[in-house]
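predicted model follows, preceded by the sequence.
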Amino acid sequence: KQEVTQIPAALSVPEGENLVLNCSFTDSAIYNLQWFRQDPGKGLTSLLLIQSSQREQTSGRLNASLDKSSGRSTLYIAASQPGDSATYLCAAAAGNLIFGKGTKLSVKP
Amino acid sequence: DTAVSQTPKYLVTQMGNDKSIKCEQNLGHDTMYWYKQDSKKFLKIMFSYNNKELIINETVPNRFSPKSPDKAHLNLHINSLELGDSAVYFCASSQVEHSPLHFGNGTRLTVT
């Protein structure tokens, strides 16, 4: 049974810092790994999708990596801004999407 | 132009009642989903559906039933509501299975 874990559960950083969010999954037989952000009272917004054959994907200040063999993915956010404050969730696609509990990020001005 | 819209945004009802949540997507996607996010923010799949197949998470009580009048809609019907059904329910869609999901803004259901 696939399990997805995200560490840390919460993170607070000053504006401008680079940061890394971690995601681990127990079963490496995945189709892809997806990263989402969730703002309070809103649905999830898809950020990046890494296919199982890929190592990383980039979108603007975001870079996501995937290491299937170790069951890990990271989301790197460069030059963080207060607008990046949200909960970030990763999800492993193995049959259905299995979500982690998320990392709540707070970027302070 | 909301891609995935669900109504209502808030739903407060009493135990034992039957209620429905509607979902519509205008993206032309083939697959739609219902997710439940509990008080601990854990997001779990309830159903996935395309025009050929309904896949039900085995842990979902049969009081919950999805109904799809057409490809763009997947409504969620809940019978005999219980206190433990209180949660935020999200509808989502994707072009095909395993492609990026597009979520609605959620329906916060409170059962009293």
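Happy to help now that I have it. Residues are numbered from 1 along each chain as shown, chains lettered A, B, ... in the order given.

spell out which parts of chain B neighbour chain A.
Residues of chain B lying close to chain A (C-beta under 8 Å from any C-beta of the partner chain) are B:4, B:40-45, B:48, B:55, B:57, B:90, B:92, B:98-106. For every residue, glycine as well, the C-beta is placed using N, CA and C.

from the centroid of chain B, which residue is nearest?
residue B:34 (3.2 Å; C-alpha atoms, centre = their mean).

so who does that one touch?
By C-beta atoms under 8 Å, 6 or more residues apart in numbering or on different chains, residue B:34 lies in contact with B:23, B:45-47, B:66, B:74, B:76, B:89-92.

okay, the strand or helix carrying it in PDB with CA atoms only?
Using DSSP states H and E, residue B:34 sits in strand B:31-37. These are the backbone C-alpha positions of strand B:31-37, laid out as PDB (Å, rounded to 0.1, in the frame of the first residue of the first chain):
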ATOM      1  CA  THR B  31     -12.000  11.700 -16.000                       C
ATOM      2  CA  MET B  32     -13.600  13.200 -12.900                       C
ATOM      3  CA  TYR B  33     -13.000  12.600  -9.200                       C
ATOM      4  CA  TRP B  34     -14.300  13.200  -5.800                       C
ATOM      5  CA  TYR B  35     -11.900  13.600  -2.900                       C
ATOM      6  CA  LYS B  36     -12.500  14.100   0.800                       C
ATOM      7  CA  GLN B  37     -10.300  16.200   3.000                       C
END
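
next secondary structure element downstream of that strand?
strand B:43-49.

what's the angle from that next one to strand B:31-37?
If you take axes from the mean of the first three to the mean of the last three C-alpha atoms, to 10 degrees, strand B:43-49 sits at 150 degrees to strand B:31-37.

okay, now the sheet partners of strand B:43-49, with direction.
strand B:31-37 (antiparallel), strand B:54-56 (antiparallel) (DSSP bridges).

now render these as JSON lines, adding mean pLDDT.
Output for the strands paired with strand B:43-49, formatted as JSON lines (pLDDT from 0 to 100):
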{"stretch": "strand B:31-37", "mean pLDDT": "94"}
{"stretch": "strand B:54-56", "mean pLDDT": "79"}
